[in-house]
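1. Structure of the sequence below:
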Amino acid sequence: MKNNILPENFIPFLMTEADLRKLGIEEVAYIKKYRVNGKPAWVLHAADGTALAVQNNSDAAVASAGHHELDLVSVH
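-> This next block holds a predicted model:
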């Protein structure tokens, strides 16, 4: 029999965009890759999906998150 009880301090590492919107936490963000005018662009999004910054590479997008004092999460 499987135990489906999670520990009290369990924190999921993978969250959907909808999960993030439900949280409404201003400290959480994600980065999503797009193509703009045929070139790659990485966009930093707030938890509610609002675009905060557009960068030419992923390292710059991560730096933008740090500048905004946001924690990045994985979104699938």
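
2. For residue 39, give the beta-bridge partners.
-> Bridge pairing for residue 39 (DSSP bridges) gives the partners residue 36.

3. for residue 29, same thing?
-> Beta-bridge pairing for residue 29 (DSSP bridges): residue 46, residue 72.

4. That one contacts residue 74, correct?
-> No. If you go by CB atoms under 8 Å, residue 29 and residue 74 don't touch, sitting 11.4 Å apart. The way it works is simple: take the backbone N, C-alpha and C, and place the C-beta from them, glycine included.

5. Neighbour count: these two, which is higher?
-> Neighbours were counted for residue 29 and for residue 74 using other CB atoms under 10 Å; residue 29 has more, 25 against 10.

6. Which neighbouring elements make contact with the top helix by length along the chain?
-> In the chain, assigned by DSSP state H, the helix with the most residues is helix 58-67. Judged by 3 or more CB pairs under 8 Å, 6 or more residues apart in numbering; DSSP states H and E, helix 58-67 is in contact with strand 28-36, strand 39-46, strand 51-55, strand 71-72.

7. Mind doing that once more with 7 Å?
-> strand 28-36, strand 39-46, strand 51-55 (3 or more CB pairs under 7 Å, 6 or more residues apart in numbering; DSSP states H and E).

8. For this protein, which helix or strand comes out least confident on mean pLDDT?
-> Taking mean pLDDT, DSSP states H and E as the measure, the chain has helix 17-23 as its least confident helix or strand, at a mean of 67.

9. between the helices and strands packed on helix 58-67, which one is nearest to residue 70?
-> strand 28-36 (3.9 Å; CB to CB).

10. Could you check the angle the closest one makes with helix 58-67?
-> 150 degrees (axes from the mean of the first three to the mean of the last three CA atoms, to 10 degrees).

11. what comes into contact with strand 28-36?
-> Residues outside strand 28-36 that contact it (CB atoms under 7 Å, 6 or more residues apart in numbering) are 20, 40-47, 52, 58, 61-62, 65, 70-73, 75.

12. Buried among those residues? Need that as a selection in ChimeraX.
-> What follows is the ChimeraX syntax selecting those of the contacts of strand 28-36 that are buried according to 16 or more other CB atoms under 10 Å:
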select :20,42,43,44,45,46,47,52,61,65,70,73,75
